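**Q** A structural model of the following input is requested.
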Amino acid sequence: MDDPASRLWIVISRPDRLPNALVAAEALRERFPGGLYLLREESKWWENARWQEFVGDFAEVHAFPKVLTCRGLKDLPRLYRENVNRQRGVGALPIDPDTDVLLCLAGLLGLGNAALSAHPDVYKILCVSQKAYGELTRTGDRARYRFTTSGWLQNRFVEPMAGVERTIHYKPRINPGGDGVRLRRLQKNPEEIFDVIIFMSNSGGELPARAEHQIIPSRFPSIAELRDFSAKFNGARDRHRRVIFFGTPFLLVKNLEPVVYIEHLNRCLDYIRRNYPGRDLVYRPHPFEKGEANRINLASFRIEDDREVADLYFLRHFAGIEAVYSVSSTVSRTALNNGLNSYALWRCFPFSETQTKFFRKVMGDVPVEFEITDLTKLPVAYQDRDATALGQNSFSNALNRAVDLKTRVDAAV
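**A** Predicted coordinates for the structure are as follows:
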């Protein structure tokens, strides 16, 4: 039986994780009568997001500053001071190791690390994607990698003195400017720190090659698991079914010549107009676009340029969204994971083989209906929001299994 004083402490970094925190809160609310508490890492992303209206059900929301890396010895006192101050702030939270649970949804190398280090004896759950788990367990050969300047100072001086779990931040000795191949992770493997790891994938059935007993497979969190939240929140706000297209900064990226990209993109926009008559068609520009919307045919579309993060946009309008489209943006994957009928159009473009391999890797294991390959065929509505919310491999079920493990451990002690 759950302790009447037990509390759940949820750690997130950016506001795009807030929907995940809401799903966790709804799934576990009845099991933590002592209240639900949200820890977030301050940044410009929070300043640019409309998030306050979604957190009313949390007992408290605690904000902690983001600690920036340093470049040299002159900046070392500032780095140490900020780490210690944040560690003291997190450590002052009244987290009871006997009854409470710490749930880390993101920011493991920042605020998440501070929380798990300040409260090492509390029951800890890590929710991590298949890709992120691979990065957190990737090892670096010192013959091929070396510490960055800030990473060396952090690992050797700041973290031992501040009482924080140590991190490694390597960059390759060859191609030292290759940020895409840097190695950043905790010095310990996640299984050494967390009591349970929820391993998230598209199917919800994947596990690491050498899975430990405390790893639970799960689908990604879905807004569909919030039951009537979106419908209740929207009320009469969404009177029409929305079909949303998320733009791409093709003038900046130039993986195709702009004239070629525009030709194929206009065909895709015609496809949407043709297959969704009478719908509210919405074009949402990418934050890095520089006039792309003026170069394409957006007849019947209205432009929404509020720059709201896609995750919060889906949360706000979930009940009224019929379909989500993009050419190759990960926002289509985000919509898919949230139970929306989402589609990617990149296969309708003459991309190179190298680009094609990249898009396949980015999209991962997706339903065949997700990728549109023929603009003469109708899109297929393939999502069942109820099944997403209630499936055995849902995120909510995985969370409850993780808490059940704590109950069994407590009972055995």
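
**Q** Mind exporting the C-alpha coordinates of stretch 43-51 to CSV?
**A** Output in CSV follows, covering the C-alpha atoms of stretch 43-51 (Å, rounded to 0.1, in the frame of the first residue of the first chain):
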residue,chain,number,x,y,z
SER,A,43,16.5,28.7,-19.8
LYS,A,44,15.4,30.9,-22.7
TRP,A,45,13.2,28.1,-23.8
TRP,A,46,10.9,28.6,-20.8
GLU,A,47,10.9,32.3,-21.3
ASN,A,48,9.6,31.8,-24.9
ALA,A,49,6.9,29.2,-24.0
ARG,A,50,3.4,29.6,-22.6
TRP,A,51,3.6,26.9,-20.0
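
**Q** Can you identify the element that follows the helix or strand that contains Ile198 toward the C-terminus?
**A** For Ile198, the element it lies in under DSSP states H and E is strand 196-201. As assigned by DSSP H and E, the chain's next helix or strand after strand 196-201 is strand 215-219.

**Q** In the sheet, which strands lie alongside that following strand, parallel or antiparallel?
**A** Based on DSSP bridges, the pairing partners of strand 215-219 within the sheet are strand 196-201 (parallel).

**Q** Need the CA coordinates for the strand it pairs with. CSV is fine.
**A** Listed next in CSV are the C-alpha coordinates belonging to strand 196-201 (Å, rounded to 0.1, in the frame of the first residue of the first chain):
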residue,chain,number,x,y,z
VAL,A,196,14.6,1.5,-12.4
ILE,A,197,15.1,2.6,-16.0
ILE,A,198,12.1,3.0,-18.4
PHE,A,199,13.5,2.3,-21.9
MET,A,200,11.4,4.2,-24.4
SER,A,201,11.0,3.3,-28.1
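
**Q** part of a helix, is Leu102?
**A** No: the assignment for Leu102, made by DSSP: H, G, I helix; E, B strand; the rest coil, is strand rather than a helix.

**Q** so it sits right up against Val11, yeah?
**A** Yes: if you go by C-beta atoms under 8 Å, Leu102 and Val11 touch, sitting 6.9 Å apart. Just so you know, the C-beta spots here come from the backbone N, C-alpha and C atoms, and that holds for glycine as well.

**Q** who has more neighbours, the two?
**A** Set Leu102 next to Val11 and count neighbours by other C-beta atoms under 10 Å: Val11 wins out with 30 against 26.

**Q** Assign a three-state SS to Asp16, would you?
**A** Secondary structure for Asp16, judged by three-state DSSP, is helix.

**Q** thinking again about what came up before, what is in contact with Leu102 and Val11 at once?
**A** Taking C-beta atoms under 8 Å, 6 or more residues apart in numbering as the criterion, Leu102 and Val11 both touch Ala115.

**Q** where along the stretch 101-250 of the chain do the strands fall?
**A** For the stretch 101-250 of the chain, the strands defined by DSSP state E, counting those that start in this stretch cover 101-104, 123-129, 145-147, 167-172, 183-186, 196-201, 215-219, 242-246.

**Q** Out of these, which is the most enclosed?
**A** Mean neighbour count, computed with mean count of other C-beta atoms under 10 Å, is highest for strand 101-104 among these, reaching a mean of 26.

**Q** Which of the helices and strands in this structure ranks last by mean pLDDT?
**A** Here the helix or strand of the chain ranked lowest by mean pLDDT, DSSP states H and E is helix 229-234, holding a mean of 62.

**Q** Can you tell me which of the strands of the stretch 101-250 of the chain is nearest to Val158?
**A** The minimum distance between Val158 and the strands of the stretch 101-250 of the chain falls on strand 167-172, with 9.9 Å, by C-beta to C-beta.

**Q** What average pLDDT does the closest one get?
**A** Across strand 167-172, pLDDT averages out at 86.

**Q** One more: stretch 331-340?
**A** Averaging pLDDT along stretch 331-340 yields 92.

**Q** Centre of the chain to that stretch, how far?
**A** In terms of C-alpha atoms, centre = their mean, to the nearest Å, the centre of stretch 331-340 is found 11 Å from the chain centre.

**Q** Can you show me the CA trace of that stretch as PDB?
**A** Provided in PDB are the C-alpha atoms of stretch 331-340 (Å, rounded to 0.1, in the frame of the first residue of the first chain):
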ATOM      1  CA  VAL A 331       8.200  17.000 -35.200                       C
ATOM      2  CA  SER A 332       6.400  14.400 -37.300                       C
ATOM      3  CA  ARG A 333       7.900  11.700 -35.000                       C
ATOM      4  CA  THR A 334       6.800  13.700 -32.000                       C
ATOM      5  CA  ALA A 335       3.300  13.900 -33.300                       C
ATOM      6  CA  LEU A 336       3.400  10.100 -34.000                       C
ATOM      7  CA  ASN A 337       4.500   9.300 -30.500                       C
ATOM      8  CA  ASN A 338       1.700  11.500 -29.100                       C
ATOM      9  CA  GLY A 339      -1.000   9.400 -30.800                       C
ATOM     10  CA  LEU A 340      -1.700  11.800 -33.700                       C
END
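
**Q** Please consider this matter closed, and thank you.
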